[in-house]
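> Give me a model of this one.
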Amino acid sequence: MASSIGEAILNLIFFPGLVFTAVVGLLVSWIDRKISARIQWRKGPPWYQSFADFIKLLGKEIILPEGRKRSGFLLAPLIGLAGITLVSTIVWKANLSSSLLEEGFVGDLIVVLYLLTLPSLAIIIGGSASGNPYASVGASREIKLLLGYELPFLLAIFTAIVKTGGAIEFSRILAFQQGRPLVGYLSGAIAFLVAIICCQAKLGLVPFDIAEAETEIIAGPLVEYSGASLAVFRINRAMLLFVLPVFLITVFWGGMVFDSWRMAIYSLIKYLVILVIIILIKNTNPRLRIDQALKFCWGPLTGLSLLGLVLAMVGV
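The predicted model follows:
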């Protein structure tokens, strides 16, 4: 019992939890910045720039604004960090050791969906507790955006559940895809496309960077954050950029397999394909207004996700 608890703690802290996810997330954020720079005909930063920025922020003073709610203001970034760490641990355990799931591992699709809302809730809580009007506007926008993209995202995931015969355990979802991944079906491909767009909104990237619109509301919910608190929010974004594509690959594209060099390279290619799509969307679209984002999420995006769900129900 004690050894299993100790192993779980090590998994959460080191691999595949906090440290692993943070390090790879910072490297992925460098890839994002590098590709974005090349699209704009710039050279881009060196590979260690994200690490240097994070360490620099850790050494800065945390300034508490007047009128803030201290507990909510300081705890908000840690809530998001905890959620992303748990999601990474569960998803990577599912890919690397499916036997743990068969032995009663508690992580499943429903748990992960709940945990994936924590980073957005952390931004809402932090902005609301800042006592700044710009932060309040940003928190309000984040709430509306969350309500907008969560519906089509859940419908896309539910399409995968229907297609796999009602499976919510990652082991059953991965077992179903051993012969043919869900993206190989029309319904799965539609749900996969919807999920990628929703992940763009979860990451707060263009065209869904409405809550932190720097040219409008000066970083929104994060306007009063500084030092280590801001560093945690920044690394939350980097970790989420790493975890969400892995989650999509697990649910829709057969998972991350490292049984051989060939499968490891193929898994890496799958990840890079999703990452590049996210980066290209970010660099080729203008920011939407919050009303436009809601109309898009509740209109075409929800309609597309419903189409995929219907096709999955009728067996297409």
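> N95 sits in which helix or strand?
Remark: N95 resides in helix 70-96, with elements defined by DSSP states H and E.
> how about low-confidence regions in the stretch 101-250 of the chain?
Applying pLDDT under 70 to the stretch 101-250 of the chain flags the ranges 101-107.
> one step back: quick one: average pLDDT of the helix holding N95?
For helix 70-96, the mean pLDDT works out to 92.
> packing partners for it?
Applying 3 or more C-beta pairs under 8 Å, 6 or more residues apart in numbering; DSSP states H and E, we find helix 70-96 packed against helix 2-13, helix 18-39, helix 98-102, helix 109-115, helix 118-129, helix 170-176, helix 227-252. The way it works is simple: take the backbone N, C-alpha and C, and place the C-beta from them, glycine included.
> could the ones you listed be laid out in CSV, adding mean neighbour count and distance to G138?
Putting the helices and strands packed on helix 70-96 into CSV (neighbours: other C-beta atoms under 10 Å; distance: least, C-beta to C-beta, whole Å) gives the following:
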stretch, mean neighbour count, distance to G138
helix 2-13, 11, 30
helix 18-39, 19, 21
helix 98-102, 15, 38
helix 109-115, 17, 22
helix 118-129, 24, 5
helix 170-176, 20, 34
helix 227-252, 23, 12
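> how about those, which one is nearest L151?
Minimum separation from L151 across the helices and strands packed on helix 70-96 (C-beta to C-beta) falls at helix 109-115, 12.4 Å.
> what's that closest one packed up against?
If contacts are counted by 3+ C-beta pairs under 8 Å, 6+ apart, helix 109-115 sits against helix 70-96, helix 133-163.
> ok and the helix holding N95 relative to helix 227-252, angle-wise?
Taking axes from the mean of the first three to the mean of the last three C-alpha atoms, to 10 degrees, helix 70-96 and helix 227-252 form an angle of 30 degrees between their directions.
> what angle do helix 70-96 and helix 2-13 make?
Using the same axes, to 10 degrees: helix 70-96 against helix 2-13 is 110 degrees.
> just the angle between helix 70-96 and helix 18-39, please?
Going by the same axes, to 10 degrees, helix 70-96 makes 90 degrees with helix 18-39.
> buried sites along helix 70-96?
For helix 70-96, a neighbour-count test (16 or more other C-beta atoms under 10 Å) marks 73-77, 79-95 as buried.
> Please produce CSV containing the helices and strands packed on helix 70-96, extended by distance to L306.
CSV is the format used below for the helices and strands packed on helix 70-96 (distance: least, C-beta to C-beta, whole Å):
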stretch, distance to L306
helix 2-13, 37
helix 18-39, 31
helix 98-102, 30
helix 109-115, 18
helix 118-129, 23
helix 170-176, 21
helix 227-252, 17
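> Compare the ones you listed and report which one is nearest to D291.
The closest of those to D291 is helix 118-129. By C-beta to C-beta, the value is 18.8 Å.
> what separates that closest one from the chain centre, distance-wise?
For helix 118-129, the separation from the chain centroid amounts to 15 Å (computed by C-alpha atoms, centre = their mean, to the nearest Å).
> now do stretch 284-296
19 Å.
> What of stretch 237-249?
The answer for stretch 237-249 is 5 Å, by C-alpha atoms, centre = their mean.
> So what touches it?
Residues outside stretch 237-249 that contact it (C-beta atoms under 8 Å, 6 or more residues apart in numbering): 21-22, 24-26, 28-29, 32, 50, 81, 84-85, 87-88, 91-92, 95, 112, 116, 119, 192, 195-196, 199, 202-204, 255-256, 267, 270-271, 274-275, 278.
> now for the helices and strands packed on helix 70-96, which one comes closest to V183?
The closest of the helices and strands packed on helix 70-96 to V183 is helix 227-252. By C-beta to C-beta, the value is 5.2 Å.
> Taking helix 133-163 as reference, get the angle to the closest one.
On the basis of the same axes, to 10 degrees, helix 227-252 is oriented at 20 degrees to helix 133-163.
> Could you number the chain from 433 rather than 1 from now on?
With 433 as the first residue, the last one maps to helix 659-684.
> Helix or strand next in line after helix 659-684, which one?
Downstream of helix 659-684, the first helix or strand assigned by DSSP H and E is helix 693-715.
> And that following helix, what's buried?
S699, K702, Y703, I706, L707, I709, I710, I711, I713, K714, N715.
> want to throw these into TSV with distance to A440?
TSV is the format used below for the buried residues of helix 693-715 (distance: C-beta to C-beta, whole Å):
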residue	distance to A440
S699	25
K702	28
Y703	26
I706	29
L707	29
I709	34
I710	31
I711	34
I713	36
K714	35
N715	40
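> of all those, which comes closest to S658?
Out of those, the member with the shortest distance to S658 (by C-beta to C-beta) is K714, at 25.3 Å.
> ok, that closest one - contacts?
Contacts of K714 (C-beta under 8 Å, 6+ apart): D464, S468, Q632, L637, V638.
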